[in-house]
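1. For reference, the sequence and a predicted model appear below.
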Amino acid sequence: MYSWKCYFRVCLVCSEFSPPVDIFCNSCWLNYYELTQSKRNSRSENYKFPLHRLWVWNELSDQYVRPVVYNLKKGHDHELFVKLAQMFLSKVSFSQYKDENLIFIPAPAKYPKLNHALYFARGLSEVTGRPYFDVLKESLQKKVSQKNLTRIRRQNRKMFLKLSLKRGNRTRFIFVDDVVTSGSTAEAAYRALGQPKKFDVWVLAEKTLKKVALD
Ligand SMILES: [Zn+2]
């Protein structure tokens, strides 16, 4: 299916380069199973929307999840995001959506050429055969680093749709992002989409760690 080149990369956790690396190197896979194969399922109850995440980013998993999130920000590799999508979908029971028209909506790009939400949405689309539409745009006038935004401004962030989207009763929008912290980005996306009845959030990591602001 994929060429050997998809194993020719550095480990997302320890940055070790000793191919074949399948997302993580062998020793990091062991840590991965220890940290993530608990009885916890993918559903988080901390938000007003149904939210599924692959990892919980807390004090215990910080050492592991932080380098993965930072390494993903460095660049993209389509096969890698397909693998992450497969890993994600192995935790979510997809049959619950079989009668619905799912549309994946990636979070708007935080940096012009590095939109990992878009890459993740594309990976999910490839694995599920459902479409993705990159239609959200942030309506902040000035480009300000998110770290410099005050909490209040972050909560008031606004998005709009670049294109209108056709929807029916069976349409479910799945907002896709890499990390969720406060849920304010998802909230802005929900409003931009016209507060649809069916709206879920799928992220790689739910950050419950409070020490460092990163969303
Ligand atoms: Zn490693």
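-> Noted; the coordinates are in hand. None of the values given here were measured: they were computed from a predicted structure. Numbering: from 1, shown residues only.
2. Select the helix or strand of this structure having the lowest average pLDDT value.
-> Least confident helix or strand of the chain, by mean pLDDT, DSSP states H and E, is helix 151-155 with a mean of 53.
3. ok but Lys83 is inside a helix, no?
-> Yes: when DSSP: H, G, I helix; E, B strand; the rest coil is applied, Lys83 is found to be in a helix.
4. which residues does the nearest residue to it once chain neighbours are set aside contact?
-> Take Lys83 and drop its neighbours on the chain: the residue closest to it by C-beta to C-beta, 6 or more residues apart in numbering is Ile23, 5.5 Å away. (Glycine included, C-beta is placed from N, CA and C.) Residues in contact with Ile23 (C-beta atoms under 8 Å, 6 or more residues apart in numbering) are 11-12, 29, 80, 83-84, 87.
5. Which single one of the residues you listed is nearest to the ion?
-> Cys11 (3.1 Å; C-beta to the ion).
6. so how far is Leu209 from that closest one?
-> 22 Å (C-beta to C-beta, to the nearest Å).
7. ok, those two, which is more surrounded?
-> Cys11 (21 against 18; other C-beta atoms under 10 Å).
8. For the ion, see how far away Leu51 is.
-> 28 Å (C-beta to the ion, to the nearest Å).
9. State the pLDDT value of that residue.
-> Leu51 is assigned 94 on the pLDDT scale.
10. and it, what does it touch?
-> 43-44, 180, 183, 186, 200-203, 206.
11. Give the rounded mean pLDDT of stretch 205-215.
-> 71.
12. one step back: nearest to Leu165, of the contacts of Leu51?
-> Nearest to Leu165 among the contacts of Leu51 is Asp200, at 15.6 Å by C-beta to C-beta.
13. and the helix or strand harbouring that closest one, what other elements does it pack with?
-> According to DSSP states H and E, Asp200 maps onto strand 199-207. With contacts taken as 3 or more C-beta pairs under 8 Å, 6 or more residues apart in numbering; DSSP states H and E, strand 199-207 sits against strand 51-57, helix 62-73, helix 78-89, strand 171-180.
14. Okay, angle between the last one and strand 51-57 too, please.
-> It stands for strand 171-180. 10 degrees (axes from the mean of the first three to the mean of the last three C-alpha atoms, to 10 degrees).
15. part of a strand, is Ala117?
-> No: checked against three-state DSSP, Ala117 lies outside a strand; its state is helix.
16. Okay, it and the ion: tell me how far apart.
-> 24 Å.
17. And Phe133, by the same measure?
-> Taking C-beta to the ion, one finds Phe133 at 34 Å from the ion.
18. Derive a ChimeraX selection command for the buried subset of the contacts of Leu51.
-> Only the buried entries of these go into this ChimeraX selection, using 16 or more other C-beta atoms under 10 Å:
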select :44,180,183,186,200,201,202,203,206
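19. Cross-check the contacts of Leu51 against the ion and keep the overlap.
-> Checked against the ion using C-beta under 5 Å from the ion, these give no members in range.
20. which of the contacts of Leu51 lies closest to Ile103?
-> Asp200 (10.7 Å).
21. got a list of what Lys48 touches?
-> Gly183.
22. same check, this time on the one 10 residues further on
-> Shown in contact with Asn58 (C-beta under 8 Å, 6+ apart): 208-209.
23. circling back to that earlier point, restricted to buried residues, select the contacts of Ile23 in PyMOL.
-> To isolate the buried ones among these in PyMOL, judged by 16+ other C-beta under 10 Å, type:
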select buried, resi 11+12+80+83+84+87
